[in-house]
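Engineer: pasted the sequence and its predicted model underneath.
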Amino acid sequence: MSAAEKARILAIDVGAGTTDVLLTQPGEPLENAVKLVVPSRTRVVAAEIDEATARGRAVAFDGPTMGGGACAAAMKRHVAAGLPFLATPEAALTFADDLERVRADGVTVVPEIEIIPRLGALSQSSVVIRSGDLGLATFAQALTLLGVDASCVDAVAIAAQDHGFSPSRSNRVVRFALWEAAIAARRHLNELFYAPAEIPADLTRLQAVARQAQSLAHGMPVLVADTGPAALYGALPNNIDNAVLVNIGNGHTFCVVALERRFTGVFEHHTSCLTRDRLEEYLRRFLKGRLTTEEVLADGGHGAMLDSGAVASVTELPILVTGPRRELLRGTTLAAEFAAPHGDMMLTGCFGLRRAVLDRFGAQLPPSERPSHQ
C-alpha cells in the first residue's frame, strides 16, 4: 500500500463562498474520502454579526486575522446602525492592514486584555464573536456527529487567499507581485505551498491559518498555500505538465500558464467584474501576450503577465477550467475542458493540497513509529 493510500491527510480550502474539506481514509480511494462543502467562515461570522445588529447588541471581535469580504461588510452595517464594535488588533486586521483605516470605519481597537472589561462598561448587551478562517470547535463537533475522528491525522494542509500585508500600498498590486516573482523564478506549482517556517513575512493571513492548522496537526506536518495555486495544482492531471489552468472562484478568477508544471504566466481578476464575453476576451488577449497589468488594474483586477518566450507555445496547450463559477465559461468558443479531478470539482483545491503534501512528505507518511489509528 502506497503512502497516498495509507495516510490520513486533512485538507481544507477556505474560499470566499465555501470552505471545502477533504479527509482521506487509509485503504480507501479518494472517492470514498470524507468530504464537506460548507459556508465559508467569513459568511458564518457575517451572519453572527448581523444577528447581533438585529438584536441591538455590542460586538467584541477577537481572534486571529481572517479573510474579510462578507464579515467586513457586516461590520460596516453594524457600525452604521450606531452599535459599538470592538476588536483586538489582530482581529481588526481582517478589515484592513492599516488600523487607522479600521478605526475610521468606526471600530474601537483595544488590546485583548481590555476587551471584556470594555464590553462590561457598555450599556448595551454584548456578544463576543470569534475571528479566524477555521471554526475549529464547530468543525470538530460536526465531524464527531458524523462519526468521523479528525483528531489523529498524518498531515494538515490549508489554503486561504492572502493579499499580503500592505498598510500603504494597494493589496492588489502587492498580491500580483508575488505571482510576477514566481514567473521570474519559473517556480514549480508545488513551490507555492509553505511549511509554517517558510511563509513569507507579509502573508499574515497564511501565518494565522498555519497556527490554526498546527493546532489540528498535533505535531504532524503542516502545509499552507494560497487558494489559487492549490486549485490549479489540483486541476492539473498527473500525466500533463503543460496546460492553461483557469480557476473561476466565487471571489477571484485565477489563470496560470504552466510549462513543465512551472509558473510561466498569470492573469488574475475579480469574478464579480466579469461576464463570459469579457472573460473570454481577456483570456484570448492574455494568451497572446497582449493583456497588461495596467489594464487589468484599471478594471479593478490584479494583473496579467506572460513570459514572452512562452507565447508561441501557448496556443498548443489544453485549457482546463475549474471553480464554483466555472459556468461563466459555459458555451465559450475557447477550446476549454471542464476539469473535475476525482469526479469532484468543488474539492479541486483540497486535491491540490493533498498532492503538495505527498510531494513534500510522501516518503514519511505515515511515520513508521506512529501508532496506528483506532
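Structural biologist: Nice, thanks for sending it over.
Engineer: only C-alpha atoms for contact and neighbour calcs from this point on.
Structural biologist: Fine.
Engineer: so what's the gap between stretch 297-305 and the chain middle?
Structural biologist: In terms of CA atoms, centre = their mean, to the nearest Å, the centre of stretch 297-305 is set 19 Å apart from its chain centre.
Engineer: equivalent analysis for stretch 76-85, please.
Structural biologist: With CA atoms, centre = their mean, you get 28 Å for stretch 76-85.
Engineer: now do it: everything it contacts.
Structural biologist: Stretch 76-85 has contacts (CA atoms under 8 Å, 6 or more residues apart in numbering) with 49-50, 53, 56-61, 75, 105-108.
Engineer: compare those residues and tell me which is most surrounded.
Structural biologist: Top of the contacts of stretch 76-85 by neighbour number is residue 49, holding 29 neighbours under the definition other CA atoms under 10 Å.
Engineer: rewinding a little: can you lay out the contacts of stretch 76-85 as CSV showing secondary structure, distance to residue 43 and pLDDT?
Structural biologist: Converted to CSV, the contacts of stretch 76-85 look like this (DSSP: H, G, I helix; E, B strand; the rest coil; distance: CA to CA, whole Å; pLDDT from 0 to 100):
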residue, secondary structure, distance to residue 43, pLDDT
49, helix, 10, 98
50, helix, 10, 98
53, helix, 15, 97
56, coil, 20, 95
57, coil, 19, 95
58, strand, 19, 95
59, strand, 16, 95
60, strand, 17, 95
61, strand, 15, 96
75, helix, 12, 98
105, coil, 20, 96
106, coil, 21, 97
107, coil, 19, 97
108, strand, 22, 96
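Engineer: pLDDT-wise, which helix or strand of the chain ranks last?
Structural biologist: Lowest by mean pLDDT, DSSP states H and E among the helices and strands of the chain is helix 3-6, with a mean of 62.
Engineer: hang on, the earlier thing: quick check, nearest of the contacts of stretch 76-85 to residue 365?
Structural biologist: residue 61 (38.0 Å; CA to CA).
Engineer: that closest one against residue 128, yeah?
Structural biologist: Yes: at 6.1 Å, residue 61 counts as touching residue 128 under the criterion of CA atoms under 8 Å.
Engineer: what sits against the residue nearest to residue 210 when sequence neighbours are not counted?
Structural biologist: Nearest residue to residue 210, sequence neighbours excluded (CA to CA, 6 or more residues apart in numbering): residue 196, at 5.9 Å. Residue 196 sits next to 207, 210, 211, 222, 223, 224 when contact means CA under 8 Å, 6+ apart.
Engineer: on the three-state scheme, the second one is what?
Structural biologist: In other words, residue 210. Under the three-state scheme (DSSP: H, G, I helix; E, B strand; the rest coil), residue 210 adopts helix.
Engineer: and it, how many neighbours?
Structural biologist: Residue 210 has 25 neighbouring residues, counting by other CA under 10 Å.
Engineer: ranges for the strands of the stretch 201-350 of the chain?
Structural biologist: In the stretch 201-350 of the chain, the segments counted as strands under DSSP state E, counting those that start in this stretch are 222-225, 243-248, 252-259, 262-270, 303-306, 319-322, 336-338.
Engineer: so which elements touch the shortest one?
Structural biologist: If you count contacts as 3 or more CA pairs under 8 Å, 6 or more residues apart in numbering; DSSP states H and E, strand 336-338 packs onto strand 319-322.
Engineer: any buried residues in the strand it packs on, and which?
Structural biologist: 319, 320, 321, 322 (16 or more other CA atoms under 10 Å).
Engineer: I appreciate the help and will end here.
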